[in-house]
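Engineer: predicted model and sequence follow; I will ask about them next.
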Amino acid sequence: MVADLDRDRVAAAYGRWAPIYDVVFGPVFSQGRRAAVAAAERIGGRILEVGVGTGLSLGQYAASDRIVGIDISEPMLGKARQRVQRLGLKNIETIAVMDAERLEFPDAAFDVVVAQYVVTAVPNPEKALDEFVRVVKPGGEIVLTSRVGAETGLRGVLEKWLMPVTSRLGWRTEFPWKRYEEWAARSPVRLLERRALPPLGHFWLIRFGKDQ
Ligand SMILES: C[S@@+](CC[C@H](N)C(=O)[O-])C[C@H]1O[C@@H](n2cnc3c(N)ncnc32)[C@H](O)[C@@H]1O
């Protein structure tokens with residue numbers, strides 16, 4: 001699959017978003033973030049949040065979890081670190097710059113991998129998903145909130161048409177469910193859940209379980 005996003009351009013785009021990210025994208029995605037954290041909490045333990053951004057979810061994890069947050073954008077992580085300090089969070093193990101497609105962790109290092117509104121922002125989503133599977137323990141879960149494209153109809157046409165604009169802003173609008181299906185069919189995972197998230201149902205909560 002040819003990458004339609006460029007990693008450095010995505011990192012630069014989120015560097016520009018960082019100062020205003022929470023105001024623009026805080027409330028609109030808040031229900032999805034809560035749903036993802038609730039799903040992760042059913043397992044708990046050592047949790048990797050990929051594309052943690054400004055850390056909007058960090059305060060929602062249980063005190064007993066150990067959270068590792070990574071992101072490609074240092075300015076976004078700067079905001080996350082400030083949040084950790086401000087909220088006095090003691091369950092944050094590390095916040096580090098890292099590429100979702102090249103995770104610097106050993107195999108089976110985490111109980112859960114969470115990626116909220118991230119898969120459609122990385123240049124090679126399937127490569128990132130492969131990395132999520134690699135670092136999660138057998139029996140663990142991958143919890144995603146993700147845009148899923150319309151594929152057909154007016155929304156499908158609009159999403160294709162908007163791609164050149166949104167790729168400069170740092171994400172894809174066009175991302176058919178078929179890509180998740182095809183990836184899952186060749187990976188050691190099974191689909192546990194997928195459901196549309198409010199407010200508009202354009203984003204889904206998706207859970208994959210890693211085979212034992
Ligand atoms: C739409 S934001 C979501 C941020 C956060 N998860 C939230 O819910 O607000 C996408 C995040 O993914 C990060 N990102 C994009 N490409 C990445 C990559 N290849 N590796 C790690 N993080 C990446 C961006 O820097 C940005 O912080």
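Structural biologist: That came through, no problem. What you see is a predicted model, and the numbers here were worked out from it, not measured in a lab. Numbers count the residues shown, from 1 in each chain.
Engineer: mind checking pLDDT for the residue nearest to residue 111 when sequence neighbours are not counted?
Structural biologist: Leaving aside its sequence neighbours, residue 111 sits nearest to residue 45 (C-beta to C-beta, 6 or more residues apart in numbering; 3.4 Å). For glycine as for every other residue, the C-beta is placed from the backbone atoms N, C-alpha and C. You'll see residue 45 listed with a pLDDT of 98.
Engineer: could you measure from residue 45 over to the ligand?
Structural biologist: Per C-beta to the nearest ligand atom, to the nearest Å, residue 45 is found 20 Å from the ligand.
Engineer: that residue: what's it in contact with?
Structural biologist: Residue 45 makes contact with 65, 66, 110, 111, 112, according to C-beta atoms under 8 Å, 6 or more residues apart in numbering.
Engineer: can you put the residues you listed in TSV and add neighbour count?
Structural biologist: Converted to TSV, the contacts of residue 45 look like this (neighbours: other C-beta atoms under 10 Å):
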residue	neighbour count
65	19
66	16
110	24
111	19
112	26
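Engineer: for this protein, what lies in contact range of the ligand?
Structural biologist: 7, 10, 14, 25, 29, 33, 51-53, 56, 71-73, 76, 99-101, 116-118, 121-122 (C-beta under 6 Å from any ligand atom).
Engineer: filter those residues down to the ones in helices?
Structural biologist: Here DSSP state H is the test, and the residues of the chain next to the ligand give 7, 10, 14, 25, 33, 76 as lying in helices.
Engineer: which of those has the most neighbours?
Structural biologist: For those, neighbours were counted using other C-beta atoms under 10 Å, and residue 14 has the most, 24 neighbours in all.
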